[in-house]
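Visitor: Okay, here's the prediction I keep looking at, along with the sequence it came from:
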Amino acid sequence: MRRRTTPSAKKGVSFDTAYELARQLPGLTASTSYGTRALKVDKKFLARLKEDGDTLVLRVDMVSRDYMLRDQPELFYITDHYRDYPTILVRLSKVGVDQLRELLEDGWRLVASPRRIAEFDAARRERSRK
């Protein structure tokens, strides 16, 4: 997982922005979860909009979550409900586009199949050669 130490200058995005960023990731589908909009990868949970409309529940590994909570408490938080789940709560009104793109890709890598990840990385390497 990458450390998010240089957040974007402009802050605040919508779930629509999160969806547009995540659409670039293979296997992503729009879905619902607990009555709110959600993002899944091959039917596996990646993210969902919380009922407050400003919070993204995002898949994350537990070690990175601890760092994120400590380093940027104005952006990331959890509630007791999510304490034992590999997720973090992201304030959409505080996150920048570049940082959210990284967060979504990191979460995607946790749920995507090894084949999807290898294909994605190969395509990225090919684009960077051009």
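Guide: That came through, no problem.
Visitor: Now do the residue nearest to the spatial centre of the chain against Leu58, distance only.
Guide: Closest residue to the average C-alpha location of the chain: Leu104 at 2.8 Å, with C-alpha atoms, centre = their mean. Distance of Leu104 to Leu58, given as C-beta to C-beta, to the nearest Å: 7 Å. All C-beta atoms are positioned from the backbone trio N, CA, C, and that covers glycine.
Visitor: and Val41, what is it in contact with?
Guide: Neighbour list for Val41: 25-29, 108, 111-112, 116 [criterion: C-beta atoms under 8 Å, 6 or more residues apart in numbering].
Visitor: Now do the SS call for the residue nearest to the centre of the chain.
Guide: State at Leu104, reduced to three classes by DSSP: H, G, I helix; E, B strand; the rest coil: helix.
Visitor: That one against Leu46, yeah?
Guide: Yes: using C-beta atoms under 8 Å, Leu104 is in contact with Leu46, at 7.3 Å.
Visitor: shared neighbours, the two?
Guide: Taking C-beta under 8 Å, 6+ apart as the contact rule, Leu104 and Leu46 both touch 22, 39, 58.
Visitor: Give the rounded mean pLDDT of the strand or helix carrying the second one.
Guide: Right, Leu39. Using DSSP states H and E, Leu39 sits in strand 36-41. Averaged over strand 36-41, pLDDT sits at 97.
Visitor: which of the residues in the helix or strand following it are buried?
Guide: Downstream of strand 36-41, the first helix or strand assigned by DSSP H and E is strand 44-49. Neighbour counts over strand 44-49 (16 or more other C-beta atoms under 10 Å) mark 45-49 as buried.
Visitor: who touches stretch 98-115?
Guide: Stretch 98-115 has contacts (C-beta under 8 Å, 6+ apart) with 1-2, 4, 7-8, 13, 17-18, 21-22, 25-28, 39, 41-42, 44-47, 58-61, 64, 86, 90, 95, 117, 120.
Visitor: Repeat that for stretch 54-63.
Guide: 1, 15, 18, 45-50, 68, 82, 86-93, 95, 103-104, 106-107, 110-111.
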